[in-house]
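> model this:
(one chain, ligands or ions: 1)
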Amino acid sequence: MRALHVTDLTGPDALQVVDVPEPVGGPDDVVVDVKACGVAWPDLLLTRGEYQIKPPVPFAPGAEVAGTVRSAPAGSGLSAGDPVVAVCGVGGWQETVALPAASVLALPAGFDLAVAAGLPFNTLTVHFALKRRGQVKEGDTVLVHGASGGIGIAAVQLAKAYGARVLAVVSTEAKVEVAKAAGADEVLLVDGFKDRVKELTGGRGVDIVVDPVGGDRFTDSLRSLAPEGRLLVIGFTGGEIPQVKVNRLLLNNVSVVGVGWGAFLMTAPDYMHEQWAELRALIESGAFVPPAVVEHPFDEAAQALRSMDDRTLAGKAVLVV
Ligand SMILES: NC(=O)c1ccc[n+]([C@@H]2O[C@H](COP(=O)([O-])OP(=O)(O)OC[C@H]3O[C@@H](n4cnc5c(N)ncnc54)[C@H](OP(=O)(O)O)[C@@H]3O)[C@@H](O)[C@H]2O)c1
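Just a heads-up that it's a prediction; the model follows:
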């Protein structure tokens with residue numbers, strides 16, 4: 001089978017398509033014929049050896065895949081031919097994967113597999129962020145940074161599905177349409193976003209900030225919170241890990257809340273399936289429409305990663321096998 005391997009830790013250009021034996025899988029594993037692979041920020045970091053997981057080279061990155069079941073253990077609820085998505089951490093960028101049943105989620109029949117491949121990693125992270133960590137409720141105002149990126153689009157869409165008003169922040173005019181298409185009520189440019197938030201909320205601020213970016217906008221995000229607001233720390237695509245002056249937290253009774261979905265799953269192995277059941281219900285009711293994805297052929301993974309790195313990607317990238 002074909003696999004995409006990181007061959008040295010010099011970045012996306014060192015990815016190579018290689019021919020490797022198919023995984024056999026243990027008796028408890030589901031074997032999936034992969035049709036599409038999500039492209040996630042950790043994949044970019046993995047190509048440079050900058051992610052918290054550091055597999056020995058060569059290895060396949062790939063946090064999420066969609067495909068059809070080739071074989072599944074009895075009692076898994078899955079059968080050959082079923083469409084599925086799976087969360088794999090690393091190792092998803094290959095034509096066949098073998099994974100524990102706990103990592104594999106059933107899709108509705110006929111679901112577009114390229115769209116599906118872009119769903120689990122970001123959408124389930126944002127579900128955990130908004131619902132469990134952020135306690136979002138109907139009528140809240142939610143500010144989303146990086147709103148044309150993978151986490152950002154999922155945050156705009158899920159916050160809308162939960163009845164929130166959404167203010168989306170993007171860096172360029174070219175990204176405004178993507179955030180609007182996701183359902184944002186207002187789209188703000190990064191420059192001057194704090195003042196615009198005050199204007200749009202009558203001076204009150206927002207209840208929740210979804211922050212996958214960090215960097216130098218963090219203090220203005222804290223200043224944009226309403227009393228008892230929560231800033232959800234999801235990632236640091238801006239590069240710099242912000243420092244918090246904690247006096248700002250008591251001045252306005254606001255909270256900075258960490259969101260580590262993968263770490264949480266290690267303590268609650270059944271949680272992902274509970275989340276998926278809720279997400280499927282939202283999809284089936286029409287409250288959440290899975291977003292279109294930016295498709296690349298499997299062997300153009302480097303290009304997909306470069307578009308994340310140079311900030312030109314607008315949307316969620318997927319590799320089609
Ligand atoms: N905590 C968790 O459990 C968890 C789970 C999944 C992902 N994450 C993290 O969430 C973050 C976002 O992931 P993603 O998949 O949404 O990435 P993405 O699709 O590439 O989007 C990231 C956004 O960050 C913004 N950005 C600001 N400064 C940037 C820079 N210097 N370079 C690149 N982008 C920059 C860009 O929007 P603008 O250009 O509009 O500013 C971009 O749309 C990553 O750090 C990822 O590791 C965390």
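> alpha carbons only for contacts and neighbour counts from here, please
Noted.
> how about the residue nearest in space to the middle of the chain, secondary structure?
Central residue of the chain (C-alpha atoms, centre = their mean): Asn122, 1.8 Å from the mean position. Here Asn122 is recorded as helix under DSSP: H, G, I helix; E, B strand; the rest coil.
> pLDDT score for it?
Listed pLDDT for Asn122 reads 95.
> swap in Gly89?
At Gly89, the model reports a pLDDT of 89.
> quick check: closest non-adjacent residue to it.
Excluding its sequence neighbours, the residue lying closest to Gly89 (C-alpha to C-alpha, 6 or more residues apart in numbering) is Ala63, at 4.3 Å.
> picking up where we left off before, which ones are touching the residue nearest to the centre of the chain?
Gly150, Ile151, Ala154 (C-alpha atoms under 8 Å, 6 or more residues apart in numbering).
> for the ligand, tell me which of those show up nearby.
Gly150, Ile151 (C-alpha under 6 Å from any ligand atom).
> with secondary structure and pLDDT as extra columns, can I get the contacts of Asn122 in a markdown table?
What follows is the contacts of Asn122, written out as a markdown table (DSSP: H, G, I helix; E, B strand; the rest coil; pLDDT from 0 to 100):
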| residue | secondary structure | pLDDT |
| --- | --- | --- |
| Gly150 | helix | 95 |
| Ile151 | helix | 97 |
| Ala154 | helix | 97 |
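> which of the contacts of Asn122 count as buried?
Neighbour-count burial (16 or more other C-alpha atoms under 10 Å) is assigned, among these, to Gly150, Ile151, Ala154.
> just name the closest of the residues you listed to Asp13, please.
Set against Asp13, the nearest of the buried ones among the contacts of Asn122 by C-alpha to C-alpha is Gly150 (21.8 Å).
> tabulate the buried ones among the contacts of Asn122 in CSV, adding columns for distance to Gly214.
CSV is the format used below for the buried ones among the contacts of Asn122 (distance: C-alpha to C-alpha, whole Å):
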residue, distance to Gly214
Gly150, 15
Ile151, 13
Ala154, 18
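> quick one, strands of the stretch 201-321 of the chain?
Taking DSSP state E, counting those that start in this stretch to define them, one finds strands in the stretch 201-321 of the chain at 206-211, 225-233, 255-258, 294-297, 317-320.
> and if you look at the stretch 1-150 of the chain?
Going by DSSP E, counting those that start in this stretch, the stretch 1-150 of the chain shows strands at 2-6, 15-19, 29-38, 64-71, 83-87, 96-100, 104-106, 141-144.
> deepest of these, which one?
For these, the largest average neighbour count (mean count of other C-alpha atoms under 10 Å) is found in strand 141-144, namely a mean of 29.
> give me the mean pLDDT for that strand.
Strand 141-144 comes out at a mean pLDDT of 98.
> can I get it in CSV, CA atoms only?
Output of strand 141-144 as CSV, limited to C-alpha atoms (Å, rounded to 0.1, in the frame of the first residue of the first chain):
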residue,chain,number,x,y,z
THR,A,141,-21.9,35.8,22.4
VAL,A,142,-18.8,33.8,21.2
LEU,A,143,-15.7,35.3,19.6
VAL,A,144,-13.7,32.9,17.4
